[in-house]
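Visitor: pasting a predicted model and its sequence here:
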Amino acid sequence: MSITVQISNQIQIIAQFIGFSGGERHVQLTNLPEEPMTEVLIRANVRSSDGMMDLLLLEDALLRHSPDVQIDLELPYLPYARQDRVCATGQAFSMDVMAKLLHLHPKRQIAVWDAHSAVSLSLTQAHNVLPETIIAHSESLSTLLRDQNTVLICPDKGAVPRCEAIQKAFNTPRMVYCEKKRDPSTGRILRSEVLADDLSGKTAVITDDICDGGMTFIGIAQGLRALNCQRIVLYATHGIFSKGLSVFDGLIDQIYTSNSFIHASQPQLTQINFQHPFGG
Ligand SMILES: O=P(O)(O)OC[C@H]1O[C@@H](O)[C@H](O)[C@@H]1O
C-alpha cells in the first residue's frame with residue numbers, strides 16, 4: 001500500500017497511518033499549510049481493506065483542514081473492478097460497494113488505469129487512462145507494436161475493444177484472436193485456442209489489462225508456440241503476477257507491465273514508469 005498526497009509539483013503532505021489494537025486505522029497528516037488548500041493530488045495503490053480505510057480517513061482529514069479542496073485521486077489499479085457483476089445468488093456486487101465508498105466525497109475526480117470493464121467506469125465516473133497511453137511511454141514496446149513482423153494477440157472476447165484500440169494507435173499490421181474454451185457443464189476454462197494458421201518467424205505481442213496467476217497467457221503462449229511463433233511478448237497493464245514469473249519460463253520471452261504493481265527487477269520484466277503529472 002502506498003499513498004502520496006501532493007499539493008503542487010514540489011510539495012508533498014506527509015501522511016502517517018497506524019493501526020489500533022481493536023483493528024481500527026488512524027491517520028495523522030503533518031506539514032499541512034496554514035491556509036486551506038484548493039487542489040490536491042492523491043496517488044493511491046490500495047492493496048487491502050485497511051488501505052481503502054486509510055484512503056477514506058486521509059481524505060476526511062484533508063477535507064477537515066480544507067473543506068473546499070478539489071481532490072484528484074489517481075487509483076492506478078481499481079480494486080474490485082473485476083467483481084463487476086453478481087455471479088450467483090447470495091453474492092455481493094463488490095464493485096458497486098467500492099463505488100459507493102469512492103462516492104463519499106462528491107468533489108473528487110478519479111483517474112484509473114486501463115479499467116477492467118465499462119461497469120467500473122460507469123459506477124465510479126472515473127477517467128480511464130488508456131493502455132495505449134501507458135504503452136507509448138515504452139519506446140521498445142511501441143517500436144515492437146509498429147513492426148511489420150509483429151502480430152497482436154487478443155486474448156479473449158472481453159479484450160477485443162482494448163486490443164483494437166492498441167492496434168489502431170500503433171498501426172500494428174495484424175491481429176489474431178483467441179477463444180477461451182470452457183467445460184460446458186461447469187463453465188471452467190479448459191484452454192485458450194489461438195485462431196490462426198502457421199505463425200513461423202512472427203513476434204506475437206499479447207495485450208491485456210491484468211496478469212494475475214498467468215493461466216490465460218500460459219495457455220495462449222502454448223498455442224502460439226505450437227503455431228511456430230518465433231518470439232512471444234506479454235503486455236499487461238496491471239502485473240499482479242501472483243504465481244511469480246517463472247511460470248512463463250520457456251513460453252513468454254519478455255513481459256511488460258506498468259508500475260501499478262511494483263516488482264523487483266528481473267531480466268525478463270520491463271516496468272513502464274508512468275504517472276499523471278500534477279494538475280494534468
Ligand atoms: O489468467 P490470469 O493471469 O490469472 O488472469 C488474467 C485474466 O483475468 C481477467 O480478469 C483479466 O482481464 C485477464 O484476462
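Guide: It's in. Here the structure is a predicted model, which is why all the values come from computation and not from measurement.
Visitor: give me the below-cutoff pLDDT ranges for the stretch 151-280 of the chain.
Guide: 187, 278-280 (pLDDT under 70).
Visitor: which parts of it sit against the ligand?
Guide: Selection of the stretch 151-280 of the chain residues close to the ligand by CB under 6 Å from any ligand atom yields 155, 208-216. Just so you know, the C-beta spots here come from the backbone N, C-alpha and C atoms, and that holds for glycine as well.
Visitor: give me that answer again for 5 Å
Guide: 208-216 (CB under 5 Å from any ligand atom).
Visitor: and the strand or helix carrying residue 71, which strands flank it?
Guide: Taking DSSP states H and E as the criterion, residue 71 maps to strand 70-75. Strand pairing for strand 70-75, determined by DSSP bridges: strand 39-45 (parallel), strand 109-113 (parallel).
Visitor: residue contacts, residue 2?
Guide: 43-45 (CB atoms under 8 Å, 6 or more residues apart in numbering).
Visitor: and the gap between residue 231 and residue 202?
Guide: Counting by CB to CB, to the nearest Å, the gap from residue 231 to residue 202 is 8 Å.
Visitor: and the two? Which one has more around it.
Guide: Counted by other CB atoms under 10 Å, residue 231 and residue 202 do not tie: residue 202 has more neighbours, with 21 against 16.
Visitor: looks to me like residue 29 is in a strand.
Guide: Yes: counting by DSSP: H, G, I helix; E, B strand; the rest coil, one finds residue 29 located in a strand.
Visitor: thinking again about what came up before, using PDB, write out every CA atom in the strand holding residue 71.
Guide: What follows is strand 70-75, C-alpha atoms only, in PDB (Å, rounded to 0.1, in the frame of the first residue of the first chain):
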ATOM      1  CA  GLN A  70     -10.600  19.700  -5.100                       C
ATOM      2  CA  ILE A  71      -9.300  16.200  -4.700                       C
ATOM      3  CA  ASP A  72      -7.800  14.500  -7.800                       C
ATOM      4  CA  LEU A  73      -7.500  10.800  -6.900                       C
ATOM      5  CA  GLU A  74      -5.300   8.500  -9.000                       C
ATOM      6  CA  LEU A  75      -6.000   4.900  -8.400                       C
END
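Visitor: right, and residue 115 touches residue 80 too?
Guide: No: applying CB atoms under 8 Å as the test, residue 115 and residue 80 come out as separate, 11.3 Å apart.
Visitor: the two: who's more crowded?
Guide: Each of residue 115 and residue 80 has its neighbours counted (other CB under 10 Å); residue 115 has more, 24 against 20.
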